[in-house]
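Novice: Here is a sequence together with a model predicted from it:
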Amino acid sequence: MALTAKQRQALEIVRDHPGLEPAQFSRLMWPDSEGHQHHTKCGPKGTCRGGGMRLAAGGYLGKLVKAGLVERYFGELISGFYLSKEGKRQLEEKDDAAAPPVE
């Protein structure tokens, strides 16, 4: 499976920030998006800023989970998204191909 540029960027973000949640991922993946400024309804009488970006990030992370590149961990004290063994292998494979040959 060949990674796209965006998939590679997403895997690098998950690798560099283990245990991140969709809100954090959205800020790192799409830092310049105007969606972070939009207000979204949350709860019967409240709003939150950037709610749509969290949903987009959760969907993107879900696709990476389905592809086997990322794992979701649920623990009592720690939870979040982490690279799977396959995700690590894909990043290392790309890094090895880009590295100059060692003599």
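Specialist: Happy to help now that I have it. The shown structure was predicted, so the numbers you read here are calculated from the model rather than taken from an experiment.
Novice: Every contact and neighbour count from this point should use C-alpha atoms.
Specialist: Will do.
Novice: Averaged pLDDT, stretch 67-79. What do you get?
Specialist: Stretch 67-79 shows a mean pLDDT of 86.
Novice: got the buried residues for the lengthiest helix in the chain?
Specialist: Looking across the chain with DSSP state H, the single longest helix is helix 51-66. For helix 51-66, the neighbour count (16 or more other CA atoms under 10 Å) marks 51-54, 56-58, 60-62, 64-65 as buried.
Novice: burial measure for V70, as a count.
Specialist: Per other CA atoms under 10 Å, the neighbour tally for V70 reads 24.
Novice: Can you list phi and psi of it for me?
Specialist: phi -130, psi 150 (degrees, to the nearest 10).
Novice: That one and R89, how far apart?
Specialist: Per CA to CA, to the nearest Å, V70 is found 11 Å from R89.
Novice: rewinding a little: using PDB, write out every CA atom in the longest helix of the chain.
Specialist: C-alpha atoms of helix 51-66 as PDB (Å, rounded to 0.1, in the frame of the first residue of the first chain):
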ATOM      1  CA  GLY A  51     -16.700  21.400  16.200                       C
ATOM      2  CA  GLY A  52     -16.900  20.500  12.600                       C
ATOM      3  CA  MET A  53     -13.100  20.200  12.400                       C
ATOM      4  CA  ARG A  54     -13.200  17.700  15.300                       C
ATOM      5  CA  LEU A  55     -15.700  15.700  13.300                       C
ATOM      6  CA  ALA A  56     -13.600  15.800  10.200                       C
ATOM      7  CA  ALA A  57     -10.500  14.800  12.200                       C
ATOM      8  CA  GLY A  58     -12.300  11.900  13.800                       C
ATOM      9  CA  GLY A  59     -13.500  10.700  10.400                       C
ATOM     10  CA  TYR A  60     -10.000  10.900   9.000                       C
ATOM     11  CA  LEU A  61      -8.500   9.100  11.900                       C
ATOM     12  CA  GLY A  62     -11.300   6.500  11.600                       C
ATOM     13  CA  LYS A  63     -10.200   5.800   8.000                       C
ATOM     14  CA  LEU A  64      -6.600   5.300   9.100                       C
ATOM     15  CA  VAL A  65      -7.800   2.900  11.800                       C
ATOM     16  CA  LYS A  66      -9.800   1.000   9.200                       C
END
